[in-house]
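# Next comes the sequence, and after it the predicted model I'd like to discuss.
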Amino acid sequence: MDNQDTHILVCDDEIDVREMLQEYLSKRGYRVSAASGGEELRAIISAEAVDVMIMDINMPKEDGLSILRSLRPENATPVIMLTAAGDVVDRIIGLEMGADDYLGKPVDLRELEARIKAILRRGAITEPASVTNDRDGARFGNYTLNNEAAKLLAPDGSEVQLTAMEYRLLKVFAENKGRVLNRDQLLEQAHDRSWDPFDRSIDIRISRLRRKLESNPEKPEIIRTVRGIGYLYDPK
């Protein structure tokens, strides 16, 4: 996807930050819209397609976490959360709600663009995987991962909303059926090196997947934990 075909939405209550991000990303060739809060953000995404949202967590009227909660799971647009530097709690909560990435303030503009490009690359990888579970796709319990369409399908055929990273993780598990994968291997194969393999990002994302796939997420049977090693996908 060329930069000029990429629509980025910046949501921040600080006008200086909005204008800085809008100016920088526009100069890099992206089409950029700006919103000062949730109301303006919703108006924009209801009117036109957005490829990536950059959203501040700390906003006075409606904070970024509340906006994200209201968008998921119906809207799967990738979201980069802007957090106070070192605020681990907000980062964890954001991931649990479906954020795709986070970046601490003050924002390093070059790093922000790198994160945007990484998210777009993950979303663009939709080619069929070398999955041999069955001819229709990889089975995750009663759900089917359709790699040709890059979708997770429920038993009734409806689509289960996934973030780009959640899709990549399921694809990695399908390609490694019966093999225990540690956090580092999951990050490497899912092409997400923006995360520290020793932090909780993988655990949180797998927890989210389990809530979507497992009949009892507290006792997972589809993606199992191998204590002290990592995770195992071993369909029966």
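Structure's in. What do you need? On a predicted model such as this, the values are computed, not experimentally measured, just so you know.

# shaky segments in this structure?
For the chain, the stretches flagged by pLDDT under 70 are 1-2, 85-87, 122-136, 191-200, 236.

# all strands for it, in order.
7-11, 31-35, 52-56, 79-84, 101-105, 138-140, 143-146, 151-153, 159-160, 180-181, 223-226, 230-233 (DSSP state E).

# And the contacts of the lengthiest helix in the chain?
Counting by DSSP state H, the longest helix found in the chain is helix 109-124. Outside helix 109-124, the residues within contact range by CB atoms under 8 Å, 6 or more residues apart in numbering are 1, 6, 8, 20-21, 24-25, 28, 30, 51-52, 54, 78, 80, 100-101, 103, 164-165, 167-168, 190-192, 194. C-betas here are computed from N, CA, C, even on glycine.

# Most tightly packed of the strands of the chain?
Most buried of these, by mean neighbour count (mean count of other CB atoms under 10 Å): strand 52-56, with a mean of 25.

# thinking again about what came up before, just put the strands of the chain in CSV and tack on distance to Arg115.
Shown next, in CSV, are these (distance: least, CB to CB, whole Å):
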stretch, distance to Arg115
strand 7-11, 11
strand 31-35, 15
strand 52-56, 9
strand 79-84, 6
strand 101-105, 5
strand 138-140, 28
strand 143-146, 25
strand 151-153, 24
strand 159-160, 25
strand 180-181, 24
strand 223-226, 26
strand 230-233, 25
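
# Show me the one of the ones you listed that comes nearest Arg210.
strand 223-226 (6.2 Å; CB to CB).

# Can you give the strand pairings for that closest one, parallel or anti for each?
Sheet partners assigned to strand 223-226 using DSSP bridges are listed as strand 230-233 (antiparallel).

# Tell me which residue is most central in the chain.
Taking CA atoms, centre = their mean, the centroid of the chain lies closest to Asp100, which sits 3.0 Å from it.

# what residues are up against Ile54?
Contacts of Ile54 by CB under 8 Å, 6+ apart are 8-12, 21, 79-80, 82, 112, 116.

# Export these as CSV, with columns for distance to Arg183.
CSV is the format used below for the contacts of Ile54 (distance: CB to CB, whole Å):
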residue, distance to Arg183
Ile8, 29
Leu9, 31
Val10, 31
Cys11, 30
Asp12, 31
Leu21, 31
Val79, 22
Ile80, 21
Leu82, 25
Leu112, 25
Ile116, 24
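
# which non-adjacent residue is nearest the residue nearest to the centre of the chain?
Leaving aside its chain neighbours, Asp100 sits nearest to Pro78 (4.4 Å; criterion: CB to CB, 6 or more residues apart in numbering).

# can you check Ser36 too?
Nearest non-adjacent residue to Ser36 (CB to CB, 6+ apart): Asp13, at 5.5 Å.

# Was I right to think the one you found contacts Glu62?
No - at 9.5 Å, Asp13 does not count as touching Glu62 under the criterion of CB atoms under 8 Å.
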